[in-house]
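> Can you look at this prediction? I've put the sequence above it.
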Amino acid sequence: MIAGFGGLLGEGAVCILRNGELVSAVEQQKVTHNHRPGAFPEEALTLALRAAGAKREDIDCVAVTRPFALGSESDAQLDLRARFPRSEIIVVGHHRAHAASAYFASPFNEAAVLSVDRAGDFRSAVLFNAKDNGMTLAREMYFPDSLGDLFNRVTELLGFEPRADEHKVQWLSASGEPVHLSVFREMLHKSGPERVQTDRAFFDSDRLTQGGFSTRFYDALELSANEPIPQPARANIAASLQAAVNESVASMLGSAASAKSGNICIAGGLALNAFLVRSLEESFPRVFVQPVSGNAGTAFGAALHAWHGVHGETARVPFHTLSLGPAYLPGEIKRVLENCKLHFRYLLTEGELMEHAVRALNDFKIVAWMQGRMEFGPRALGNRSILASPLSPYSTENLNVYIKHRESFRKFAASVTAEAADEYFEVGPNARYLASVGRVRPQYCETFAAATMGNGYVRVHTVNREENPLFHALLTAMGKTMGLPVLYNTSFNLFGDPLVCTPRDAVRSFYSSGIDALFAGSFYLEK
């Protein structure tokens, strides 16, 4: 059994591989809502082992991703040896773990593989040519020549929190036009379009706020450094950045020898950008993005590197689901509800569960849906979700303003059964994990107007019956009653917290928000 660890300096996570099967994966922040940089994710490991039905003594190999220590790595390795005295310890490079998480989880036997983020291991991007069991280094890009760093800077420039709110910039970009694309091209490609080399004249090291941009940058955008940026200009800056990043990443991937296969894999923090993934889908025949592309996903990559690169196993690890976290038995949920002195109804059958959920959604209630195993990664895929009917005239206002308290340009996803998706949306295979965006079919533009962004883009989540039978059954039931097998879906969390994990987390979020009803397993609560 292999235990993979990643993101220990901020997004700590653990995954368990047993006999070539991914059996569990848990992020530390979802378990404790706190992770001290460099600390061992003890609680995440405990839950990952519990979900796998295994013990610590069963672990034969520990694969850990760099960087994993604030101080001496030797001290951290001694700590690992003390925790796992009988296990083989493997240390995996940051970008190699990212790349392994994408390539070895993909359906490809040959691909161009790119890991791209801010500055993992002091490198901002690494390109690999991958074939069969091996990944060969093709090109490296070093900080500060970094697309991720530029995205961080623009995030701060636009008034958001850098290294936290980059997703807001991508969603804002949908309402703008790339009128400043030439400026960002000039900034990123000082030595020509074939490589990223940032022109430092666009930055001012003495300017400690607003991204640290120089007078040259403000002049090029015809803005004043001393005045707030108007809203239309903010959207245009975001759109220009997005277009420049799309071009740069496509150019990097296209330069790889293995890109001739038409197969592209991508991971790393920047790969969480759904518009970037969409642009790659439009540029290359076949694209696979690791849906847990951030540092937490390197736990998966480290384990896969150990499986293929160290142990030489050729059989691919099946990658069918991200529902890899803990699940909670009825007795565990009931104990929490009774301890909180809550009134609830226990639904005896799945049919009764469907009946009550469909009735609530058709009454335009906002429903919290906590079922099965917690998802691995940042996206709610139908196990820890807040749901609403697309036919509700107040879905946007209720979800964004009164429950999530977030900006209107941040749209929620549309979850749809996989077999019906093509009727309503134009989507690619990465929609299975909400890793890309699609477009609404023209005849349904009015129906899904509340979830639609600029150019008809919409976040689409295709749901397979085999992967998530209960959520698929709910969508199917909605299709039978309201004529649309579609629900608006946003993550079950509040105020920037991670996705809820435990029944207690669910109850706390339910009663701290405007959510109308909660389905936690077979237990039904309403306000």
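Nice, I can see it. Values in this document were obtained by computation on a predicted structure and should not be read as measured data.

> my read: Ser24 touches Thr46, true?
No: counting by C-beta atoms under 8 Å, no contact exists between Ser24 and Thr46, whose distance comes to 11.0 Å. For every residue, glycine as well, the C-beta is placed using N, CA and C.

> which one of those two has more residues nearby?
For Ser24 and Thr46, the more surrounded residue by other C-beta atoms under 10 Å is Ser24, and the numbers stand at 25 against 15.

> all helices of the stretch 351-500 of the chain, in order?
Listed in chain order, the helices found in the stretch 351-500 of the chain under DSSP state H, counting those that start in this stretch are 395-396, 421-424, 469-482.

> Touching the last one from outside, list them.
Residues lying outside helix 469-482 but in contact with it, judged by C-beta atoms under 8 Å, 6 or more residues apart in numbering, are 350, 354, 357-358, 361-362, 369, 371-372, 381-383, 385, 389, 391, 415-417, 420, 463-465, 484-487.

> Of all the residues in it, which ones are buried?
Buried positions in helix 469-482, judged by neighbour count with 16 or more other C-beta atoms under 10 Å: Leu470, Phe471, His472, Ala473, Leu474, Leu475, Thr476, Ala477, Met478, Met482.

> Any idea how far that helix is from the middle of the chain?
Centroid separation between helix 469-482 and its chain, computed with C-alpha atoms, centre = their mean, to the nearest Å, is 25 Å.

> same deal with the second one?
Taking C-alpha atoms, centre = their mean, the mean C-alpha location of helix 421-424 is offset from the chain mean by 23 Å.

> quick one: which of the helices of the stretch 351-500 of the chain is nearest Leu127?
When the helices of the stretch 351-500 of the chain are ranked by distance to Leu127, counting by C-beta to C-beta, first place goes to helix 421-424 at 32.0 Å.

> Hmm, which of the buried residues of helix 469-482 is lowest in pLDDT?
Sorting the buried residues of helix 469-482 by pLDDT puts Met482 at the bottom of the list (92).

> What separation do you get for it and Leu391?
6 Å (C-beta to C-beta, to the nearest Å).

> before we move on, back to that, go through the buried residues of helix 469-482 and say which is closest to Asp145.
For these, with Asp145 as the reference and C-beta to C-beta as the criterion, the closest is Phe471, at 42.4 Å.

> ok, the residue nearest to Thr314 when sequence neighbours are not counted - contacts?
Spatial nearest neighbour of Thr314, excluding adjacent residues (C-beta to C-beta, 6 or more residues apart in numbering): Asn133 at 5.8 Å. By C-beta under 8 Å, 6+ apart, Asn133 lies in contact with His308, Gly309, Gly312, Thr314.

> tell me the contacts of the third one?
Pointing back at Gly312 there. With contacts defined as C-beta under 8 Å, 6+ apart, Gly312 is in contact with Asn133.

> Distance check, Phe184 against Ala100.
Taking C-beta to C-beta as the measure, Phe184 and Ala100 are separated by 31 Å.

> Cross-check the contact I'm expecting between Asn109 and Lys131.
Yes: Asn109 sits in contact with Lys131 when judged by C-beta under 8 Å, with a separation of 6.9 Å.

> Who has more neighbours out of the two?
Using other C-beta under 10 Å, the more surrounded residue of Asn109 and Lys131 is Lys131, with 16 against 13.

> same for the longest helix anywhere in the chain, what does it pack against?
Longest helix of the chain, by residue count under DSSP state H: helix 231-254. Helices and strands in packing contact with helix 231-254 are listed as strand 110-116, strand 123-131, helix 147-157, helix 166-173, helix 181-188, strand 263-267, helix 274-283; criterion 3 or more C-beta pairs under 8 Å, 6 or more residues apart in numbering; DSSP states H and E.

> Now tell me what touches the worst-scoring helix or strand of the chain on mean pLDDT from outside.
The weakest-scoring helix or strand in the chain, judged by mean pLDDT, DSSP states H and E, is helix 395-396 (a mean of 72). With C-beta under 8 Å, 6+ apart as the test, helix 395-396 has contacts from Phe364, Ala388, Ser389, Ser408, Phe412, Ala450, Tyr488.

> and His189, what is it in contact with?
Here His189 is in contact with Arg195, Val196, Gln197, Ser248 (criterion: C-beta under 8 Å, 6+ apart).

> Going by the annotation, which residue ranges form each domain of the protein?
Structural domains assigned to the chain are 2-96+298-310, 106-289, 330-526, following automatic domain parsing.

> picking up where we left off before, quick check, pLDDT for the residue nearest to Thr314.
Here, the pLDDT recorded for Asn133 equals 93.

> filter the contacts of helix 469-482 to the buried ones?
Among the contacts of helix 469-482, the ones that count as buried by 16+ other C-beta under 10 Å are 354, 357-358, 361, 369, 371-372, 381-383, 385, 389, 391, 415-417, 420, 463, 484-487.

> Tell me which entries of these lie within strands.
Those of the buried ones among the contacts of helix 469-482 mapping onto strands are Trp369, Ser385, Ser415, Val416, Thr417, Val463, Val486, Leu487, per DSSP state E.

> would TSV of the residues you listed with pLDDT and distance to Asp121 be doable?
Written out in TSV, the entries for these read as follows (pLDDT from 0 to 100; distance: C-beta to C-beta, whole Å):
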residue	pLDDT	distance to Asp121
Trp369	98	39
Ser385	97	35
Ser415	98	36
Val416	98	39
Thr417	98	41
Val463	98	36
Val486	98	42
Leu487	97	41
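
> tally of neighbours for Arg278?
Close neighbours of Arg278, defined as other C-beta under 10 Å, add up to 22.

> just to revisit the earlier point, make CSV from the helices and strands packed on helix 231-254 and add distance to Gly301 to it.
Output for the helices and strands packed on helix 231-254, formatted as CSV (distance: least, C-beta to C-beta, whole Å):
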stretch, distance to Gly301
strand 110-116, 9
strand 123-131, 12
helix 147-157, 17
helix 166-173, 21
helix 181-188, 27
strand 263-267, 7
helix 274-283, 18
